[in-house]
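[1] Make a model of this:
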Amino acid sequence: MKNIFKKSKRKDKKVVGKKKSLNKRLIRLVVILIFSTVLLVGVSSYLVSVNSLEEELKNSSSQLTQEIKNGVSEYFLNYEKGINVISKNEAFTDLEEELSEEEVNNINKALGDYYNSNDEILSIYFAPTVGGFYDFPQTDLGEDESYIPTTRPWYSLAEENKKTIWNDPYLDVDTKETIVTISVPSYNGDDLKGVIAIDLSSKVWLID
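    Numbering: from 1, shown residues only. Reported below is the predicted structural model:
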């Protein structure tokens, strides 16, 4: 009897041992499943966050780029408005076939006033249809017979298109600086009186 009882106890211990082992495996499996689920959720959340952040950065970048473009457009538009206003000044529109001393003085004064009111302008000049060339600050081009302003692109393009023209940038031989010229025709009614132009340094294109 004792042997049978001992054998029965041993069997019970084996069963209990198997149950414990099975329970441990189940617990491990559950822990692994929970860990895997948490890891999957974490990775998914991270990927969603990364995609969301990338999208946010793209939108911010696009918005910033557009704001810069709008700022540049508005900046240059101010120069167009300014030169269009001065092109209607009587000093340039009310000219006789032969310029009087008073008319020449009025032209030089108008050029000087506009130049002094805009620090970023390198120079401003006017070529009337009746001949001559007037600039501020003054150079010797007006006295140079080989310089014919009406054949220059800044003049001919404005005359041909009958509107404000942004000329192609060029490198100034003396200053080694990139220059861009804006030119506009000056009319008295339908009668072309000449073309006014301003030179801007490439520095004005930079945005702080």
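[2] Check what contacts stretch 143-158 and list those residues.
    Under the contact criterion C-beta atoms under 8 Å, 6 or more residues apart in numbering, stretch 143-158 has outside partners 125, 127, 129, 133, 141, 159, 164-165, 167-168, 181, 183-185, 195, 197. Every C-beta, even on glycine, is put in place using the N, C-alpha and C of the backbone.
[3] Of those residues, which one scores lowest on pLDDT?
    The weakest per-residue confidence within the contacts of stretch 143-158 falls on Leu141 (84).
[4] Skip the chain neighbours and tell me the closest residue to it.
    Tyr147 (5.0 Å; C-beta to C-beta, 6 or more residues apart in numbering).
[5] Which SSE is immediately downstream of the lowest-mean-pLDDT helix or strand in the chain?
    Taking mean pLDDT, DSSP states H and E as the measure, the helices and strands of the chain show their lowest mean at helix 2-86, namely a mean of 60. With elements assigned by DSSP states H and E, the helix or strand that comes after helix 2-86 is helix 90-93.
[6] now for that next one, which elements pack on it?
    Here helix 90-93 is seen to pack against helix 101-116, strand 178-188, strand 191-201 when contacts are counted using 3 or more C-beta pairs under 8 Å, 6 or more residues apart in numbering; DSSP states H and E.
[7] how about a markdown table for those, with mean neighbour count added?
    Rendered in a markdown table, the data for those read as follows (neighbours: other C-beta atoms under 10 Å):
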| stretch | mean neighbour count |
| --- | --- |
| helix 101-116 | 16 |
| strand 178-188 | 20 |
| strand 191-201 | 21 |
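[8] Can you name the two of the contacts of stretch 143-158 that sit furthest apart?
    Across the contacts of stretch 143-158, no pair lies farther apart than Thr129 and Asp168, at 23.8 Å, counting by C-beta to C-beta.
[9] neighbour-wise, which of those two wins?
    Legend: neighbour count by other C-beta atoms under 10 Å for Thr129 and Asp168, higher for Thr129 (17 against 9).
[10] who are the neighbours in contact with the more buried one?
    By C-beta under 8 Å, 6+ apart, the contact set of Thr129 is 150, 192-194.
[11] Which of those residues sits closest to Leu111?
    Gly194 (11.9 Å).
[12] would you list the helices and strands packed on helix 90-93 in JSON lines and tack on distance to Leu95?
    Output for these, formatted as JSON lines (distance: least, C-beta to C-beta, whole Å):
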{"stretch": "helix 101-116", "distance to Leu95": "6"}
{"stretch": "strand 178-188", "distance to Leu95": "8"}
{"stretch": "strand 191-201", "distance to Leu95": "5"}
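[13] With respect to Asn84, which of those lies nearest?
    Judging the helices and strands packed on helix 90-93 by C-beta to C-beta, what sits closest to Asn84 is strand 178-188, at 5.9 Å.
[14] The closest one pairs with which strands?
    Neighbouring strands of strand 178-188 in its sheet, by DSSP bridges, are strand 165-166 (antiparallel), strand 170-171 (antiparallel), strand 191-201 (antiparallel).
[15] So which of the ones you listed is nearest Val85?
    Comparing the strands paired with strand 178-188 by their distance to Val85 (C-beta to C-beta), the top pick is strand 191-201, with 10.5 Å.
[16] ok, and what's touching that closest one?
    Contacts to strand 191-201, defined as C-beta under 8 Å, 6+ apart, come from residues 79, 83, 86-87, 92-93, 95, 114, 118, 120-130, 149, 154-155, 158-159, 177-187.
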